[in-house]
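**Q** what's the 3D shape of this:
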Amino acid sequence: ATEIPMKCVASYLCRLRNKGKAPSITIKIKLEGLMGQYYRCKNDIMFYRHTIKNTKDFTKSQVVEARLFDTICKFNYTKDELKRFN
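**A** Residues are numbered from 1 along each chain as shown. Predicted coordinates:
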């Protein structure tokens, strides 16, 4: 991993490495997927907020607001899943 989004994930990986162990393949795959989803959701949230702020089209604003809400829920779920690696 090149970027670690949360301190609890970094602590988990450090504890494993300090014990001389490496994360299993399944944990690596799950962590990489969750971290990718974390950054993707974060980027989408910033984009949707910018679009809502700058659009003058009411319909577009409503659609983007619904997508923003869905993405925020997905982002919170991803954060909760990453916190399990504490």
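**Q** In three-state terms, how would residue 5 be classified?
**A** coil (DSSP: H, G, I helix; E, B strand; the rest coil).
**Q** quick one: pLDDT of it?
**A** Each residue has a pLDDT score; the one for residue 5 is 88.
**Q** could you measure it against residue 59, distance?
**A** For residue 5, the distance to residue 59 (CB to CB, to the nearest Å) stands at 34 Å. Heads up, the C-betas are built off the backbone N, CA and C, glycines and all.
**Q** where does the chain dip in pLDDT?
**A** Low-confidence segments of the chain, defined by pLDDT under 70, are located at 1.
**Q** can you point me to the longest helix in it?
**A** Using DSSP state H to assign secondary structure, the helix with the most residues in the chain is helix 25-54.
**Q** Packing partners of that one?
**A** Contacting helix 25-54 under the criterion 3 or more CB pairs under 8 Å, 6 or more residues apart in numbering; DSSP states H and E are the following elements: helix 58-83.
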